[in-house]
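Enquirer: Quick one: sequence and predicted model below, then my questions.
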Amino acid sequence: MNDVNIYAGGFTINDGNPHVVGDAFSGLPFFFGITTLAGIAALSLNGVNPFGWITGPIFTSPTGAYALTNADVPNLDIAWLAIQAALMTGTAYIPAGIYVVGSRRNLPLTIPSFSETNTTMSGGVAIRGDGARLSVVKAGRDFGAGVPLIACGDPIGTRANGLGRYAGLAEFSGDMEKVGFFPSIANLLPAIGTVPVAMTGIAWGARLRTLDVEASGFGKCWNFIGDHTNHIRPRAFGGTIGAYWDQPHTVLEGDICFHDFMFSGQSQASIAVNGTARVTGAVFSGKTYLSAPYAILGEVGTQDILSGCRFASLFTEFIGNAQVADDSGFAAGVYTDANKKRGVRTTIIEDLFNVWSNPNFWAGGGRGRRATWDIDQLGLQILNLVMDGGQFAPTQGPSGPAPIATFNVRVPFYGGVNGTRISGALNNWDSQAAGVPRVITGVVSGNPVYVNN
């Protein structure tokens, strides 16, 4: 394990004086007398060249995320150089402190890939800190839409270019523990509906396990692509979207386990799902807590929003617009149910609780609170609807269209196979609904089955 201070703490760095991360040389360039990337790559500290990677293609390609040239040497934060050097070895310890990266130009951090499906053991990733709000990596500026603070693989990777998280069987087997990632702004809670920070926090890739990791205040705090991994106590506070399921990898998708998933205070959605993606085979154990205008929002598209998921305890509090919604049915300020294409399939929620909040209502462009679940098709089991202090039916809308029903769906189940069963405090649900129907369907191919405890 490499302590980043080996590379930037308490050592003489070419100007004759020892330095730590917090008191880097204030002149230009940071490394006195070094003006080229090759010079940084050749720099020897304790008999090693910790920055030799900086002249590699991922960092110097003119079309890449970094596109570094010699002219950028004065703009390289020592914190970025030190942490990236440690990450390149696969093992990094980030001690308690605030580490600002990208203060003068975009400098994402990249995590190298390590496969866990090779026939022989091939190493792994170990990134550890002293606590998510003690070991803090902070962006020095807004890197812009789609650019992460830290990425698995090449930060410029997309499904179209096949780089980074989308390359082949891109796996990042290992662990990230007790670190936090934050944007440059002080106030992490934006006004409802707004996007004050465009950049992404963590661009997560397959097989990288996390424990007590936080990414808060970003446009997309956590961006998920990958499969077969466990995340324990992931956190996102504020920002615009808490967890975002991006365009999926062609092979590595689904079966991710979360324990005590707390994403709250977002200005638009705690969970949002790209129109080509789906949350499939996910298990949310412990408490899943979401709080935003939309708890779960499916962007315009055709895939199921949730498929084969299981929630032990889904609590959505201070919800403004909907608990689960397909945004395909909303365009140009108008709701058109016939346009909805996204549903929830074979999903089980053991305990479900909801509370509305008018201050968290997103009214932009004519949005309304018209249904708690506003989707295309529904295949769902709620084993215990909790109504003690809860509000499941959308009894009133702060503005915009009036409430239609708790469930506004085109088809109440898939192909007549999986129906919708809800048990729990159904009488309390009805008594609070004030005449708003439980379910409205556009095409009646069957009726959901309700079981009252």
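Expert: Happy to help now that I have it. Numbers count the residues shown, from 1 in each chain.
Enquirer: Next, the contact list for Gln84, please.
Expert: 53, 109-110 (Cβ atoms under 8 Å, 6 or more residues apart in numbering). Just so you know, the C-beta spots here come from the backbone N, C-alpha and C atoms, and that holds for glycine as well.
Enquirer: Could you look up the SS state of it?
Expert: What DSSP: H, G, I helix; E, B strand; the rest coil gives for Gln84 is helix.
Enquirer: Go through the contacts of Gln84 and name the one nearest Ala170.
Expert: The nearest member of the contacts of Gln84 to Ala170, counting by Cβ to Cβ, is Thr110 at 12.3 Å.
Enquirer: contacting residues for that closest one?
Expert: Listed by Cβ under 8 Å, 6+ apart, the contact partners of Thr110 are 58, 84, 87, 150-155.
Enquirer: Which members of those are positioned in helices?
Expert: Among the contacts of Thr110, the members falling in helices are 58, 84, 87 (criterion: DSSP state H).
Enquirer: would JSON lines of those residues with distance to Ser313 and pLDDT be doable?
Expert: As requested, these are arranged in JSON lines below (distance: Cβ to Cβ, whole Å; pLDDT from 0 to 100):
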{"residue": "Ile58", "distance to Ser313": "42", "pLDDT": "94"}
{"residue": "Gln84", "distance to Ser313": "39", "pLDDT": "97"}
{"residue": "Leu87", "distance to Ser313": "35", "pLDDT": "97"}
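Enquirer: Check these against Arg159 and report the nearest one.
Expert: Ile58 (18.3 Å).
Enquirer: got any ranges where this protein has weak pLDDT?
Expert: Residues of the chain meeting the criterion pLDDT under 70: 1-32, 412-419, 442-453.
Enquirer: quick one, domains of it?
Expert: If the domains of the chain are taken from automatic domain parsing, they occupy 1-89, 93-450, with pieces of a single domain joined by a plus sign.
Enquirer: Go through these and pick out the most buried.
Expert: When the domains of the chain are scored by mean count of other Cβ atoms under 10 Å, the highest mean neighbour count falls to domain 93-450 (a mean of 20).
Enquirer: How far away from the center of its chain is it?
Expert: Centre-to-centre, domain 93-450 and its host chain are 7 Å apart (Cα atoms, centre = their mean, to the nearest Å).
Enquirer: mind checking how far the nearest residue to Gly226 once chain neighbours are set aside is from His228?
Expert: Distances taken as Cβ to Cβ, 6 or more residues apart in numbering put Ala206 closest to Gly226, at 3.0 Å, once the chain neighbours are dropped. When distance is defined by Cβ to Cβ, to the nearest Å, Ala206 is 7 Å away from His228.
Enquirer: try Glu177
Expert: In this structure, Glu177 and His228 are 19 Å apart, going by Cβ to Cβ.
Enquirer: Now for Gly424: which residues touch it?
Expert: For Gly424, the contacting residues are 352, 382-387, 453, taking Cβ under 8 Å, 6+ apart as the criterion.
Enquirer: same check, this time on Ala96
Expert: Residues counted as contacts of Ala96 (Cβ under 8 Å, 6+ apart) are 129-131, 134-135.
Enquirer: Just put those in TSV and tack on distance to Gly400 and secondary structure.
Expert: Converted to TSV, these look like this (distance: Cβ to Cβ, whole Å; DSSP: H, G, I helix; E, B strand; the rest coil):
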residue	distance to Gly400	secondary structure
Gly129	44	strand
Asp130	46	coil
Gly131	42	coil
Leu134	43	coil
Ser135	43	strand
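Enquirer: Going by distance to Ala292, which of those wins?
Expert: Gly131 (25.3 Å).
Enquirer: doesn't Asp212 make contact with that closest one?
Expert: Yes - counting by Cβ atoms under 8 Å, a contact exists between Gly131 and Asp212, whose distance comes to 7.4 Å.
Enquirer: which residues do the two both contact?
Expert: Taking Cβ under 8 Å, 6+ apart as the criterion, Gly131 and Asp212 both touch Lys178.
Enquirer: if we can go back for a sec, list the residues that contact both of Ala206 and His228?
Expert: The contact lists of Ala206 and His228 share Leu252, where a contact means Cβ under 8 Å, 6+ apart.
Enquirer: how about Leu81, secondary structure?
Expert: Secondary structure of Leu81, reduced to three states by three-state DSSP: helix.
Enquirer: For it, give its distance to Arg141.
Expert: Using Cβ to Cβ, one gets 17 Å for the distance from Leu81 to Arg141.
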